[in-house]
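1. okay, here's the prediction I keep looking at, along with the sequence it came from:
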Amino acid sequence: MAKQSSKTVTGRVLHDPVKDKLRPIFPLDLSKIHTIDDLVRAMADTAYTARQIGDAADVLEAMARDKDCFVVMTLAGALTVGKMGLIFCDLIESGIVKAVVSTGALMAHGLVEATGLSHFRYDPSKMDDNQLFLAGYNRVYDSLEPETNLDHVEEVVEAILEKWDPNEVVCSWKLHKRIGEFLVKNTKGRGILRSAFEKNVPVFVPAFSDSELGLDFTLNKYARQRDKRPLLRYDPFEDFQTFADTMMATKKMGIFTIGGGVPRNWSQQFGVYAELMARRGYKNIPLKRYSYGLRICPEPVHWGGLSGSTYTEAVSWGKFVPPEEGGRFAEVLEDATVALPLIVGAVLERLNYFRR
């Protein structure tokens, strides 16, 4: 450490921040902002949530530029109804994201978008919630999902399941791949499952039955029982084994989490699974831990809603490489509809994605 001033009468030794190599922060000068990346870089030199967003963009950029890193994106919350779907398409189409783990509802609402249907703004002055129910409008916070949209989703899923070979086990990544193929052949608009199919990115939904697509699968099963036709067998462990095999083959892993929930913890459990495989004598494999982590979620620790803990806590479970061994993490305590476009937009600009 640089030589400091002498001890003062109160016992304090007043350091020079320049000699201590502290990083200064600066006022955000809007007159110098011309791009999303300009804004996010300037935010990194401020404080509070703005700084978190700036630091998060740096971590996502590092993941994207690390050629050895396999990036998993986990999604929870009503983010496709919240109109974030095309950002996820960009992350897949840019090659940053190599696998997706999501809630089923998010995929179902995204399928609505991908087939050309719309969601709508909710106006509480026109209908209360009971009136919405009677009219067939399902409220998602401040937006509406018409029930007719979900009927259309069922028609798509039903058409795919009716062609399914009863001897082939169903799991979420296989079904989503077939839906993506359907979208490529029958629609023109962009959508998460279409982009995933085109880029060969698997989409896993570990809590599949907790979704519109899960309900559609159940209705198909009922129809098959009624008509005395062979039933389709759904096996969630086919998903986990495929995910585990995929991650086992990676050199380095990164995770980009929006929200929390089952998708985040299910993805992180792979590190625990790999350690147990070795420690309990099933297979001689090295530790497989995430080297990068980026989370956007407004839940603070004391509310218990992180759905898989902070990254530093997860180090104790063997899920993440500790910072002293090169682990790099960022956590943004903010609504994803605010933070996500800024972070992803800045990184895609840095990668010249929009100029291609």
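-> Right, received. Where do you want to start?
2. next SSE after the helix or strand of the chain with the lowest mean pLDDT?
-> Using mean pLDDT, DSSP states H and E, helix 311-315 stands out as the lowest-scoring helix or strand of the chain, at a mean of 89. Sequence order places strand 328-332 as the next helix or strand after helix 311-315, per DSSP states H and E.
3. which parts of the protein are helices?
-> Secondary structure of the chain by DSSP state H: the helices cover 36-44, 48-65, 85-93, 104-114, 129-135, 147-162, 172-186, 192-198, 212-226, 236-248, 261-279, 311-315, 336-350.
4. pull out the buried residues from the second one.
-> What that stands for is helix 48-65. 49-50, 52-64 (16 or more other CB atoms under 10 Å). Placement of C-beta: from N, CA and C, glycine included.
5. which ones are touching Ser94?
-> Ala64, Leu348, Leu351, Tyr353 (CB atoms under 8 Å, 6 or more residues apart in numbering).
6. tell me, how many residues neighbour the second one?
-> Spelled out, it's Leu348. 22 (other CB atoms under 10 Å).
7. how close does it get to Gly95?
-> 11 Å (CB to CB, to the nearest Å).
8. what's the answer for the third one, then?
-> In this view, Leu351 and Gly95 are 9 Å apart by CB to CB.
9. what does the last one give?
-> Separation of Tyr353 from Gly95 (CB to CB): 9 Å.
10. these two - which one has more neighbours?
-> The neighbour comparison of Tyr353 against Gly95 (other CB under 10 Å) goes to Tyr353, with 18 against 13.
11. wait, that one touches Asp90, no?
-> Yes - in terms of CB atoms under 8 Å, Tyr353 counts as a neighbour of Asp90; the distance is 7.0 Å.
12. closest one of the buried residues of helix 48-65 to Asn284?
-> The shortest approach to Asn284 among the buried residues of helix 48-65 belongs to Met63, at 28.6 Å (CB to CB).
13. contacts only, for Arg295.
-> So Arg295 contacts Thr257, Ile258, Gly260, Arg264, Tyr311, Ala330, Glu331, Val332 (CB under 8 Å, 6+ apart).
14. so the fifth one makes contact with Tyr292?
-> No - the pair Tyr311 and Tyr292 does not pass the contact test of CB under 8 Å, sitting 9.5 Å apart.
15. which other helices and strands does the least confident helix or strand of the chain contact?
-> strand 290-296, strand 328-332 (3 or more CB pairs under 8 Å, 6 or more residues apart in numbering; DSSP states H and E).
16. what's the angle between the last one and strand 290-296?
-> On the basis of axes from the mean of the first three to the mean of the last three CA atoms, to 10 degrees, strand 328-332 is oriented at 10 degrees to strand 290-296.
17. parallel or antiparallel, which strands does strand 328-332 pair with?
-> strand 290-296 (parallel) (DSSP bridges).
18. CA atoms of the strand it pairs with as PDB?
-> Only the C-alpha atoms of strand 290-296 are listed here, as PDB (Å, rounded to 0.1, in the frame of the first residue of the first chain):
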ATOM      1  CA  TYR A 290     -20.700 -22.100 -12.700                       C
ATOM      2  CA  SER A 291     -17.900 -19.700 -13.300                       C
ATOM      3  CA  TYR A 292     -20.200 -16.800 -14.200                       C
ATOM      4  CA  GLY A 293     -23.500 -15.700 -12.700                       C
ATOM      5  CA  LEU A 294     -25.800 -12.800 -13.500                       C
ATOM      6  CA  ARG A 295     -29.200 -12.400 -11.800                       C
ATOM      7  CA  ILE A 296     -32.000  -9.800 -12.300                       C
END
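19. how far does stretch 146-159 sit from the chain's center?
-> 24 Å (CA atoms, centre = their mean, to the nearest Å).
20. pull out the buried positions in that stretch.
-> Pro146, Asn149, Leu150, His152, Val153, Glu154, Val156, Val157.
21. bridging residues for Ser143?
-> Arg121, Val140.
22. next one: it relative to Thr80, how far apart?
-> When Ser143 is compared with Thr80 (using CB to CB), they lie 10 Å apart.
23. look up the closest residue to Ala114, ignoring the ones flanking it.
-> Gly191 (2.4 Å; CB to CB, 6 or more residues apart in numbering).
24. confirm for me that the one you found is in contact with Val184.
-> No - with contact defined as CB under 8 Å, Gly191 does not reach Val184; the gap is 9.8 Å.
25. which one's more surrounded, these two?
-> Higher neighbour count among Gly191 and Val184: Gly191, with 26 against 15, using other CB under 10 Å.
26. which residues touch the more buried one?
-> Neighbouring residues of Gly191 by CB under 8 Å, 6+ apart: Gly85, Cys89, Gly110, Leu111, Glu113, Ala114, Thr115, Leu183.
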